[in-house]
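Chemist: mind looking at a prediction? Sequence and model below.
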Amino acid sequence: MCWAVPSVVKRIEGGIAYVDPGDGVERPAVIGIEEGSLQVGDLVMVHAGVIIAKVDLDTLKESMEMWKQMAVELAASSGQDPQEAAKIVEEEMWRVLKIVEEVKRGRSEGLRQLA
């Protein structure tokens, strides 16, 4: 299975963005989203060499809250502790948000943990 890889945009040349997935090596990626909305420093998802999405912090937080609610409901329906499920998801949410904040500050090393 091939996953989308979180990467930070380092430079843009025409329809190609050079992205860093957190190892310090820039790789070319075809811009598969609205090019005008993409800027250097943006966090994006890259799949098969194509930028498929720009990661927006507010949308990421909303998605994480949805995952938390789903984990709570699944735990409750399967006889597990919903509070423990919420705690696990919340800890992961904060870990991901911390990495995203670091990327916004120009440090992309943590992205490797999300891949």
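Modeler: Structure received.

Chemist: where does W94 fall, helix, sheet strand or coil?
Modeler: helix (DSSP: H, G, I helix; E, B strand; the rest coil).

Chemist: got a list of contacts for the helix or strand encompassing I88?
Modeler: Element membership for I88 (DSSP states H and E) is helix 82-104. Under the contact criterion C-beta atoms under 8 Å, 6 or more residues apart in numbering, helix 82-104 has outside partners 8, 41, 43, 55, 57, 60-61, 64-65, 67-68, 71-76, 108-111, 113-114. C-beta coordinates here come from the backbone N, C-alpha and C atoms, glycine included.

Chemist: same check on stretch 42-62?
Modeler: 2-9, 17, 19, 21, 27-33, 37-38, 93, 96-97, 100, 103-104.

Chemist: hmm, back to that, and the helix holding I88, what's buried?
Modeler: 85, 89, 93, 96, 99-100, 102-103 (16 or more other C-beta atoms under 10 Å).

Chemist: alpha carbons of the worst-scoring helix or strand of the chain on mean pLDDT, as CSV, please.
Modeler: Ranked by mean pLDDT, DSSP states H and E, the weakest helix or strand in the chain is helix 82-104, scoring a mean of 84. Output of helix 82-104 as CSV, limited to C-alpha atoms (Å, rounded to 0.1, in the frame of the first residue of the first chain):
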residue,chain,number,x,y,z
PRO,A,82,-14.0,5.4,26.2
GLN,A,83,-11.9,7.8,28.4
GLU,A,84,-8.8,5.8,27.7
ALA,A,85,-9.5,5.8,23.9
ALA,A,86,-10.0,9.6,24.1
LYS,A,87,-6.7,10.0,26.0
ILE,A,88,-4.7,7.9,23.5
VAL,A,89,-6.1,9.8,20.5
GLU,A,90,-5.6,13.2,22.2
GLU,A,91,-2.0,12.4,22.9
GLU,A,92,-1.4,11.5,19.3
MET,A,93,-3.2,14.6,18.2
TRP,A,94,-0.9,16.8,20.3
ARG,A,95,2.2,14.9,18.9
VAL,A,96,1.0,15.6,15.3
LEU,A,97,0.2,19.2,16.0
LYS,A,98,3.6,19.8,17.6
ILE,A,99,5.3,18.4,14.5
VAL,A,100,3.1,20.6,12.2
GLU,A,101,4.0,23.7,14.3
GLU,A,102,7.7,22.8,14.0
VAL,A,103,7.3,22.6,10.2
LYS,A,104,5.7,26.1,10.2
